[in-house]
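In: next comes the sequence, and after it the predicted model I'd like to discuss.
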Amino acid sequence: MTTSDYCDSVPTTRTTRTVGRRSVLIAVAVTTGTACLGLLQAAPARAADPEVTIEAGGDLVEVATANGAVVQVPTVLGGLLSVGSAPLPEGTEVRVTWDPRLYEANPAPVLTVDGEALECSYSNAPSGTAPSTPSSAPAQATVVLGEALPQGRSYLLCLGSTRSLTYPQDTVEAPEGTSITVSLPAGPAQAQQEAHASGTQTTELWGASVGAGWQMLTWGEGYHVWYPGSVTLRSAGPAPVPAGSRLTVQADAQVLASLVLGQGADAVTAVTVGTVLSATYTTPELTEGQMLTLPVTVEARDLDGPLDHLEPTVVTVSSPEAARTQRSTGWESVSRADDAYDEATRLRYGVG
């Protein structure tokens, strides 16, 4: 019985008999008390408070440290927010602090669920830049939800990603963890993402850089493409470039009829793969600072006029079997962007 039902059931028959003052007071007291009881019984149960669990988002990336150990940290600056019990209300704040030597924040945060972008924004711009000294304070930012997040789902909050740390600035002194705090009515939910040892030592890391002695192949009136007359592979250390690493040259097959990488018995003749000529040379072990230089011999096709498209010439080094311990130099691949093969590029880069 609801309060209104109960109140409607109270007798309202009119009477002309005289009622004493004491009787009126008793009737009012009984009626009021019963109505209050009805209100208490009809009050809805208190809504459950939202609950959030926080996990690291994305894959892990390895970072070399100054103490000789290699650690793993999440690639994503942010985390996976799993909402339970009740929706996370609009306006909820998520505070994130991180090591700016490891991560770089994006101009705007991104919140997604199953590929769908949701509303969120910074309440204050991210602080901190890549510090020049290891003692710089952590960077921080606060994200505000622009809409409620229903319970029972996991949401990926991304503020940025790991920096591209390249040799020789790829060693970090004592990396700090990432802290994520979600403000909730019942108290904040917090998580700390710490760097974990990978089991690899810095001395096991190897790096390599490639270079090319570029030469120009010309035809027609101002058309040209670049190709390497030679390629060089250099070991950055500290561990050697593994024997069996792959030094590859690729060029457009409509421009070059043939390409040979190396000389003598070890020379490799390129094969056609789709629209490119590709030659891969298997390298010996190269200790830190050691270089390997190989000549490149080509035969050009007869060309006349512009081309519809061009596959750029690319020189790369890789070692799939030892990729986990490869440090980044930023020179694992080289190419040119100033070929003149059609009317637009001829006007921009043409030489004749």
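Out: Sure thing, it's come through.
In: now do residue 311: how many residues are near it, please.
Out: 16 (other CB atoms under 10 Å). From N, CA and C alone the C-beta is placed, and that goes for glycine too.
In: hey, what's the spatially closest residue to it that is not a sequence neighbour bridged with?
Out: Closest residue to residue 311 apart from its sequence neighbours, by CB to CB, 6 or more residues apart in numbering: residue 252 at 4.1 Å. Counting by DSSP bridges, residue 252 forms beta bridges with residue 276.
In: next one: residue 65
Out: Here residue 65, judged by DSSP bridges, has bridge partners residue 172.
In: let me see the confidence value for it.
Out: Listed pLDDT for residue 65 reads 90.
In: residue 50: how many residues sit nearby?
Out: Counted with other CB under 10 Å, residue 50 comes out at 21.
In: what's the spacing between it and residue 241?
Out: Per CB to CB, to the nearest Å, residue 50 is found 52 Å from residue 241.
In: ok, now residue 71?
Out: 23 Å.
In: likewise residue 259?
Out: Look at residue 259 and residue 241: by CB to CB, they are 23 Å apart.
In: these two - which one has more neighbours?
Out: Each of residue 259 and residue 241 has its neighbours counted (other CB under 10 Å); residue 241 has more, 27 against 24.
In: list the contacts for that one?
Out: 206, 208, 233, 235, 283, 285-286, 290, 317, 319 (CB atoms under 8 Å, 6 or more residues apart in numbering).
In: would CSV of those residues with pLDDT, secondary structure and distance to residue 109 be doable?
Out: Listed next are the contacts of residue 241 as CSV, based on pLDDT from 0 to 100; DSSP: H, G, I helix; E, B strand; the rest coil; distance: CB to CB, whole Å:
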residue, pLDDT, secondary structure, distance to residue 109
206, 95, strand, 36
208, 97, strand, 36
233, 98, strand, 41
235, 97, strand, 40
283, 97, coil, 43
285, 97, coil, 45
286, 97, strand, 43
290, 97, coil, 45
317, 97, strand, 36
319, 96, coil, 36
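In: farthest pair within the residues you listed?
Out: Farthest pair in these (CB to CB) is 290 and 319. Separation: 15.2 Å.
In: the more surrounded of those two?
Out: Using other CB under 10 Å as the criterion, residue 290 and residue 319 rank with residue 319 on top: 18 against 14.
In: who are the contact partners of the closest residue to that one other than its chain neighbours?
Out: In space, and not counting its chain neighbours, residue 319 is closest to residue 245: 4.1 Å by CB to CB, 6+ apart. Shown in contact with residue 245 (CB under 8 Å, 6+ apart): 208, 233, 282-283, 317-319, 322.
In: which members of these are classed as buried?
Out: 208, 233, 283, 317-319, 322 (16 or more other CB atoms under 10 Å).
In: show me where pLDDT drops low in the stretch 1-150 of the chain?
Out: Counting by pLDDT under 70, the stretch 1-150 of the chain contains low-confidence ranges at 1-47, 128-136.
In: show me what residue 182 is bridged to.
Out: With DSSP bridges as the rule, residue 182 is bridged to residue 94, residue 189.
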